[in-house]
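**Q** give the three-dimensional model of this entry:
(2 chains)
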2 protein chains.
Amino acid sequence: MTKIVIDGLGADQGPKMVAQGLALAMKKNPGFQAVLIGPRDDFSPFLRDYGDRIEWIDCDQAISNEESPVMAIRRKKDSSMVLAFNRLNAEDAHVLLSAGSTGALLAGATFITKRLKGVKRCCLAAILPNVTGKDIILADAGANMDTTPEMLVQFAVLASAFAKTVLGIKQPRIGSLSVGVEDHKGDDRVLKTADLLRKTDLLYIGNVEARDLFHMDCDVLVCDGFSGNVAVKTAEGTAATLLGLIKEAIMESGGTKLGGLLLKKALKKKLSVLDYTRHGGAPLLGSRKPVFKAHGNVGPETFARSIQEALDYADAQAEGKLEDELSTVMAQINGGPEIERDHE
Amino acid sequence: MTKIVIDGLGADQGPKMVAQGLALAMKKNPGFQAVLIGPRDDFSPFLRDYGDRIEWIDCDQAISNEESPVMAIRRKKDSSMVLAFNRLNAEDAHVLLSAGSTGALLAGATFITKRLKGVKRCCLAAILPNVTGKDIILADAGANMDTTPEMLVQFAVLASAFAKTVLGIKQPRIGSLSVGVEDHKGDDRVLKTADLLRKTDLLYIGNVEARDLFHMDCDVLVCDGFSGNVAVKTAEGTAATLLGLIKEAIMESGGTKLGGLLLKKALKKKLSVLDYTRHGGAPLLGSRKPVFKAHGNVGPETFARSIQEALDYADAQAEGKLEDELSTVMAQINGGPEIERDHE
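**A** Okay, the predicted model is just below:
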């Protein structure tokens, strides 16, 4: 039976939301067990029916978004996230889920769980919605700054393996986030990454513009974490701003309120294709054992979804195959077997 | 009398739109003259009333977005853009306006008009709308890839001078586009730029998140052209996608159409604060003489606005002061007078 380790601190809505989400997930899917780390007294009222499926680790120390991630992981040995990574390292645990600091999750995956053989950096693979209804994986969505072209090729391999094994996409189409679709457009990193990707067996389709983020015809979009994060947050901010203005327009008068009422159902349905909480979170790819980041600012339903997605990710058991795929692709771009330079 | 040199090719809507825009601008403002470069026969039917204010340079060779900008500027000596830059170099011309390739404009400003003393790179300063109604200058919006922290400090100086002299902002607040508001968040370039900006007299307020693009409390947002371009295009794409879905929802049935009708006026008014064509274009900062980029895909009204903005930019005559300001700031970040390394 799959066992998920849940870091119960770090969600914006607090431990109550986490407990309610876990209860929902357990009700829907009787086939998993959980290790729940956090303030037991806050959790337990919501989980009375599932006591026999839960292992409790009482803890009240959180890692915040304001701390230096690497320092926090190294020093706060009793924090819920460090306890979660330690528990994940035991043989009977299969996947770790946290709504906490992305940077700390990356540091924990790197220093406690460790990376798969050959992986230079773990990456955060955000699953973006698309008007066509399909999923697009953006890797990296903000976990890594100052990446090299080689790292970006690895993100393409990792994300494309996730697309195959978990999302069921047969041959993922890979694009580069850039400033124009023409081959000569991009910064040095994008141009060098394209040269490398063309040497591999991956299905590389070239540059994709940020303008087409919700329309694009590819499955994996590769980019440095800085620009990936800018793209995701600009999209979030623009959507929130627009929807806010629309709400203000609706509230303006009796007539506009009626207009809003008449449109409400159709609008909700149409806009649902862009709802990023359709997925509960994003996998952190490249660690020896699956690590999943839940959205930080959501309700119990979305958190329950992130639990199920983390379980699916664990059940796909892609790690073994991944090391082989990585080594093949690294040989293709280096013209020979990969020499491990900075892997610890 | 201010004389504007207009590259009449390069706008998506063709020369007719350019001529109509110029006619509108000339009707509104009798106080300027123009040099119009492009197919005279296509222009003249729309400009019969203003013949004595226009100098014609007949030309039918354009530089496209698909060409390598530097090669195009160096080789296509008879293109409308190269002719425009050559004409700008004459003493009686004050500003150049073009809706053509941004890259080629940058190359022309750099190699034909040349940069101001001390300027390492010219930058494109997009003027973004904001829900508060104020203008935010994003520099660089996509003209420069692979910038150094020193270049970003210069962008801050150039954009902040433009904000003062043309937009009338007394002491522009400068932020860095980054992946979080905390000081330790960002890539190497952002962190090093922040260190340098803190040494200057500029009013530096720290990191700004892309999520707050339309809400932020600063006047100038400094970034590398790659991420600046990703932010601008993501915002455009997200807005276009959302508005498209809303239109589809409105068209769904008789009831939703009525709803749309009731909302139309209030919605239009509310959303107008985010209309990027409120400004006709964006200045290219750092060249010896003013160069202004008009939006490529607009109608005559917006193009007329870009003509007026280019004239305002020319009339501000900020170039002289700018060289002094730049040299002061470069001395502040280098701890001594600026040594010109890569300025030609």
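
**Q** can you give me the helices in the stretch 51-200 of chain A?
**A** A:69-75, A:80-88, A:102-108, A:149-165, A:188-198 (DSSP state H, counting those that start in this stretch).

**Q** average pLDDT across the second one?
**A** Translated: helix A:80-88. Mean per-residue pLDDT for helix A:80-88: 98.

**Q** about what we covered before: would you list the helices of the stretch 51-200 of chain A in a markdown table and tack on mean neighbour count and distance to residue B:194?
**A** Where C-beta positions appear, they are placed from N, C-alpha and C, glycine not excepted. Shown next, in a markdown table, are these (neighbours: other CB atoms under 10 Å in any protein chain shown; distance: least, CB to CB, whole Å):
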| stretch | mean neighbour count | distance to residue B:194 |
| --- | --- | --- |
| helix A:69-75 | 17 | 19 |
| helix A:80-88 | 24 | 28 |
| helix A:102-108 | 27 | 18 |
| helix A:149-165 | 25 | 24 |
| helix A:188-198 | 19 | 21 |
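
**Q** those helices: which one's closest to chain B?
**A** Closest to chain B of the helices of the stretch 51-200 of chain A, according to CB to the nearest CB: helix A:188-198, at 5.0 Å.

**Q** with just CA atoms, put that closest one into PDB.
**A** What follows is helix A:188-198, C-alpha atoms only, in PDB (Å, rounded to 0.1, in the frame of the first residue of the first chain):
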ATOM      1  CA  ASP A 188      22.700  32.700 -24.900                       C
ATOM      2  CA  ARG A 189      21.200  30.000 -22.600                       C
ATOM      3  CA  VAL A 190      18.200  29.400 -24.900                       C
ATOM      4  CA  LEU A 191      20.300  29.200 -28.100                       C
ATOM      5  CA  LYS A 192      22.800  26.800 -26.600                       C
ATOM      6  CA  THR A 193      20.100  24.600 -25.100                       C
ATOM      7  CA  ALA A 194      18.400  24.400 -28.500                       C
ATOM      8  CA  ASP A 195      21.700  23.300 -30.100                       C
ATOM      9  CA  LEU A 196      22.000  20.500 -27.500                       C
ATOM     10  CA  LEU A 197      18.300  19.400 -27.600                       C
ATOM     11  CA  ARG A 198      18.600  19.000 -31.400                       C
END
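
**Q** now check that helix, is it near chain B?
**A** Yes - judged by CB under 8 Å from any CB of the partner chain, helix A:188-198 comes into contact with chain B at A:188, A:190.

**Q** what sits up against the very next helix or strand once past that helix?
**A** Downstream of helix A:188-198, the first helix or strand assigned by DSSP states H and E is strand A:203-209. The contact list for strand A:203-209 (CB atoms under 8 Å, 6 or more residues apart in numbering or on different chains) reads A:156, A:171-183, A:185-186, A:190, A:194, A:197-198, A:216-218, A:221, B:233, B:237.

**Q** just the buried members of those?
**A** With burial judged by 16 or more other CB atoms under 10 Å in any protein chain shown, the buried subset of the contacts of strand A:203-209 is A:156, A:172-180, A:185-186, A:190, A:194, A:197, A:216, A:218, A:221, B:233, B:237.

**Q** follow-up on the earlier one: turn the helices of the stretch 51-200 of chain A into a markdown table, columns for distance to residue A:293.
**A** As requested, the helices of the stretch 51-200 of chain A are exported to a markdown table (distance: least, CB to CB, whole Å):
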| stretch | distance to residue A:293 |
| --- | --- |
| helix A:69-75 | 13 |
| helix A:80-88 | 11 |
| helix A:102-108 | 6 |
| helix A:149-165 | 13 |
| helix A:188-198 | 24 |
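
**Q** ends of stretch A:30-49, what's the gap?
**A** End-to-end distance for stretch A:30-49, by CA to CA, to the nearest Å: 12 Å.

**Q** only the buried residues of that stretch, if you could.
**A** A:32-40, A:42-43, A:46-47.

**Q** starting at the chain centroid, how far to that stretch?
**A** 23 Å (CA atoms, centre = their mean, to the nearest Å).

**Q** do stretch A:126-139 as well
**A** For stretch A:126-139, the distance to the chain centre is 12 Å (CA atoms, centre = their mean).

**Q** check which helices and strands the top helix by length along chain A sits against.
**A** Criterion DSSP state H: the longest helix present in chain A is helix A:225-250. Counting contacts by 3 or more CB pairs under 8 Å, 6 or more residues apart in numbering or on different chains; DSSP states H and E, helix A:225-250 packs against strand A:123-128, strand A:136-139, strand A:173-178, helix A:254-271, helix B:225-250, helix B:254-271.

**Q** check which residues of it are buried.
**A** A:225-239, A:241-242, A:245-246, A:249-250.

**Q** where are the low-confidence patches of chain A?
**A** In the predicted model, chain A carries pLDDT under 70 at residues A:336-344.

**Q** can you do 50?
**A** A:338, A:341, A:343-344 (pLDDT under 50).

**Q** and the gap between residue A:1 and chain B?
**A** Counting by CB to the nearest CB, to the nearest Å, the separation of residue A:1 from chain B is 38 Å.

**Q** so the nearest residue to that residue once chain neighbours are set aside: helix, strand or coil?
**A** Once flanking residues are discounted, residue A:1 sits nearest to residue A:33: 5.6 Å by CB to CB, 6 or more residues apart in numbering or on different chains. Counting by DSSP: H, G, I helix; E, B strand; the rest coil, the backbone at residue A:33 sits in strand.

**Q** close enough to count as contact, residue A:33 and residue A:5?
**A** No - counting by CB atoms under 8 Å, residue A:33 sits too far from residue A:5 to count as a contact (10.1 Å).

**Q** over to residue A:6: give its phi and psi.
**A** phi -110, psi 120 (degrees, to the nearest 10).

**Q** identify the bridge partners of it.
**A** residue A:36, residue A:97 (DSSP bridges).

**Q** what's the local residue count around the residue of the stretch 1-150 of chain A found nearest chain B?
**A** Nearest residue of the stretch 1-150 of chain A to chain B, counting by CB to the nearest CB: residue A:145, 3.7 Å away. The number of residues packed near residue A:145 is 20, by other CB atoms under 10 Å in any protein chain shown.

**Q** quick check, it in contact with residue B:187.
**A** Yes - the pair residue A:145 / residue B:187 is scored as a contact, 3.7 Å apart, by CB under 8 Å.

**Q** what do these two both touch?
**A** Contacts common to residue A:145 and residue B:187, judged by CB under 8 Å, 6+ apart, are A:224-226, B:179.

**Q** in stretch A:301-316, which residues are buried?
**A** Of the residues in stretch A:301-316, those buried (16+ other CB under 10 Å) are A:302-316.

**Q** what does it contact?
**A** A:2, A:4, A:6, A:11, A:17-18, A:20-22, A:24-25, A:28-29, A:32, A:34, A:94-97, A:99, A:162, A:165-166, A:277, A:279-281, A:283, A:290, A:292, A:294-295, A:298.

**Q** can you flag which of those residues belong to strands?
**A** A:2, A:4, A:6, A:32, A:34, A:95-97, A:281, A:283, A:292, A:294 (DSSP state E).

**Q** widest-spaced pair of the residues you listed?
**A** Put simply, by CB to CB the two of the ones in strands among the contacts of stretch A:301-316 set farthest apart are A:34 and A:283, 18.1 Å from each other.

**Q** re earlier: for the ones in strands among the contacts of stretch A:301-316, give me JSON lines that also has distance to residue B:73.
**A** Listed next are these as JSON lines, based on distance: CB to CB, whole Å:
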{"residue": "A:2", "distance to residue B:73": "61"}
{"residue": "A:4", "distance to residue B:73": "58"}
{"residue": "A:6", "distance to residue B:73": "58"}
{"residue": "A:32", "distance to residue B:73": "62"}
{"residue": "A:34", "distance to residue B:73": "63"}
{"residue": "A:95", "distance to residue B:73": "55"}
{"residue": "A:96", "distance to residue B:73": "54"}
{"residue": "A:97", "distance to residue B:73": "54"}
{"residue": "A:281", "distance to residue B:73": "48"}
{"residue": "A:283", "distance to residue B:73": "46"}
{"residue": "A:292", "distance to residue B:73": "50"}
{"residue": "A:294", "distance to residue B:73": "50"}
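
**Q** what sits against residue A:187?
**A** Residue A:187 neighbours (CB under 8 Å, 6+ apart): A:179, B:145-146, B:224, B:226.
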